[in-house]
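Student: just to be clear, the model below is a prediction. Sequence and coordinates:
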Amino acid sequence: MTKIIADDFLLTNDYAAELYHEYAKELPIIDFHNHLSPIEIADNTPYETITDIWLGGDHYKWRLMRANGIHEYYVSGEASPWEKFEAWAETVPNTLGNPLFHWTQMELKRYFGIDEVLSNKNAKEIWDITNRELQKEHMHPRQLLVHDKVEFVGTTDDPTDPLDHHKRLLDEKLSVQVAPSFRPDKGLDIESSQFDRWLKKLERAAGKEVNGYLSFLQALSDRVDYFDQHGCRASDHGISEMYYEEASEKQVSDVFQKRLRGEGITKIEADQFRTYTLQFLAERYFEKDWAMQFHLGALRNNNTKMFQQIGRDSGYDSPGDSLLAKPLSRFLDSVNSTGKLPKTVLYCLN
């Protein structure tokens, strides 16, 4: 029988095979954007079941399960780990042509030596094999990173995070460098009802009162310093709709004070605040020699009912179609004109 994942899987010609096998295969992994948990890496706690590592928060799999008619109880609900795995096993044969089919089969082959298509027919057997293997030390989080020749992991962290787990990893001198990445989305979302609550967290983290815009910028700057001291090499920004509205420091300070007083602000005023603040942060990133990452164009939380039921990042986002070229160009040019444009990575999510 032909193997599903052969040695030349996805390598369609001799040049591709040579480049992969002779050059790329043994190279280390530098993973500068991911959502791995620093807690899991620091604690090195073994995974109890394949469901934990595969389905615990993988909303890409959740989307396909829903498309396959699986009830939400077995997707994000209270079903047992076995019931959720069984529901995914039922879904996999119907995902042919989707990357998740290949990822599932590659992981079964690479980590468990299983070269069968997962389905409800062999789900129990594969459940038993994988769960038994996951209890072995070489399948714990740290050992998996080392096994895969990972040299650098950049996690995704809010500026108010104390980075306690990153401190532990630094002190233990783990062979894999696990660095925080600075993601201040909540600090730029001045229109959010959660903005005031986040400001309080920023005050506690920075150890100073934020009573105006300049003290806000100083608190953010202090957290940039703190992250840099703990190995941070990059910032990370989720921007659904790119903005660029020029404004003076005085204008933005007035907008910030309006927000602190609980007054409504316009879309233009919010974009003025975001633009000026992001320009300030970009220059700080440059000074730290960080990279600046923009994730652009996602349309978030399309299903209000499900957002209220299970929260964000649960499989109800989609590509957006807002125009981003002009405001993005103007923003990058404005920072470049100061001579302080950091190394920049752009991810277009459409």
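Tutor: Here it is on my side, so go on. Residues are numbered from 1 along each chain as shown.
Student: what residues are bridge-paired with the closest residue to D148 other than its chain neighbours?
Tutor: In space, and not counting its chain neighbours, D148 is closest to I29: 6.1 Å by Cβ to Cβ, 6 or more residues apart in numbering. (C-beta placed from N, C-alpha, C; glycine too.) Under DSSP bridges, the beta-bridge partners of I29 are V150.
Student: okay, now I29: neighbour count?
Tutor: 12 (other Cβ atoms under 10 Å).
Student: that one contacts E151, doesn't it?
Tutor: Yes - between I29 and E151 there is a contact at 6.7 Å, judged by Cβ atoms under 8 Å.
Student: ok, the residue nearest to D148 to L144 distance?
Tutor: 11 Å (Cβ to Cβ, to the nearest Å).
Student: need the contact list for F331.
Tutor: Residues in contact with F331 (Cβ atoms under 8 Å, 6 or more residues apart in numbering) are M242, Y243, Y244, T275, L278, Q279.
Student: kindly recompute the last result at 10 Å.
Tutor: Each residue near F331 by Cβ atoms under 10 Å, 6 or more residues apart in numbering is listed here: I239, M242, Y243, Y244, E245, R274, T275, L278, Q279, A282, F294, L324.
Student: repeat for L163
Tutor: 38, 155, 157, 169-170, 179-180, 205, 226-227, 229-232.
Student: just those: which are in helices?
Tutor: P38, L169, L170, A205, Y226, F227, Q229 (DSSP state H).
Student: buried ones among these?
Tutor: P38, L169, L170, A205, Y226, F227 (16 or more other Cβ atoms under 10 Å).
Student: so, low pLDDT: which residues of the protein?
Tutor: Low-confidence segments of the chain (pLDDT under 70): 1-2.
Student: next one: the longest helix along it to chain centre, how far?
Tutor: Determined from DSSP H, the single longest helix within the chain is helix 267-288. Computed by Cα atoms, centre = their mean, to the nearest Å, the chain-centroid distance of helix 267-288 equals 21 Å.
Student: just the CA atoms of it, as PDB, please.
Tutor: Included here for helix 267-288 are C-alpha records, laid out as PDB according to Å, rounded to 0.1, in the frame of the first residue of the first chain:
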ATOM      1  CA  LYS A 267     -13.600  56.900  14.800                       C
ATOM      2  CA  ILE A 268     -11.100  59.600  13.500                       C
ATOM      3  CA  GLU A 269     -10.100  60.400  17.100                       C
ATOM      4  CA  ALA A 270      -9.500  56.700  17.900                       C
ATOM      5  CA  ASP A 271      -7.400  56.300  14.800                       C
ATOM      6  CA  GLN A 272      -5.400  59.400  15.700                       C
ATOM      7  CA  PHE A 273      -4.700  57.800  19.100                       C
ATOM      8  CA  ARG A 274      -3.700  54.500  17.500                       C
ATOM      9  CA  THR A 275      -1.500  56.100  14.900                       C
ATOM     10  CA  TYR A 276       0.400  58.300  17.200                       C
ATOM     11  CA  THR A 277       0.800  55.500  19.800                       C
ATOM     12  CA  LEU A 278       2.000  53.000  17.300                       C
ATOM     13  CA  GLN A 279       4.400  55.500  15.800                       C
ATOM     14  CA  PHE A 280       5.800  56.000  19.300                       C
ATOM     15  CA  LEU A 281       6.100  52.200  19.900                       C
ATOM     16  CA  ALA A 282       7.700  51.600  16.500                       C
ATOM     17  CA  GLU A 283      10.500  54.000  17.400                       C
ATOM     18  CA  ARG A 284      11.000  52.200  20.700                       C
ATOM     19  CA  TYR A 285      11.200  48.900  18.900                       C
ATOM     20  CA  PHE A 286      13.800  50.300  16.600                       C
ATOM     21  CA  GLU A 287      15.900  51.400  19.600                       C
ATOM     22  CA  LYS A 288      15.700  47.900  21.000                       C
END
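Student: list the buried residues in it.
Tutor: Buried, per 16+ other Cβ under 10 Å, within helix 267-288: 269-286, 288.
Student: repeat that for stretch 98-117.
Tutor: Those would be L100, F101, H102, T104, Q105, E107, L108, K109, Y111, F112, I114, V117, for stretch 98-117 by 16+ other Cβ under 10 Å.
Student: so who does the third one touch?
Tutor: Spelled out, that is H102. With Cβ under 10 Å, 6+ apart, H102 has these contacts: I4, I5, F9, L10, T95, L96.
Student: list the contacts of H147.
Tutor: H147 touches R110, Y111, H138, M139, counting by Cβ under 10 Å, 6+ apart.
Student: quick check: the farthest pair among those?
Tutor: R110 and H138 (12.8 Å; Cβ to Cβ).
Student: coming back round to it: wait, what's in contact with the residue nearest to D148?
Tutor: So I29 contacts L145, D148, K149, V150, E151, F152, V153, V176 (Cβ under 10 Å, 6+ apart).
Student: which of these lies closest to Q309?
Tutor: The nearest member of these to Q309, counting by Cβ to Cβ, is V153 at 31.6 Å.
Student: SS state for that closest one?
Tutor: Per DSSP: H, G, I helix; E, B strand; the rest coil, the secondary structure class of V153 is strand.
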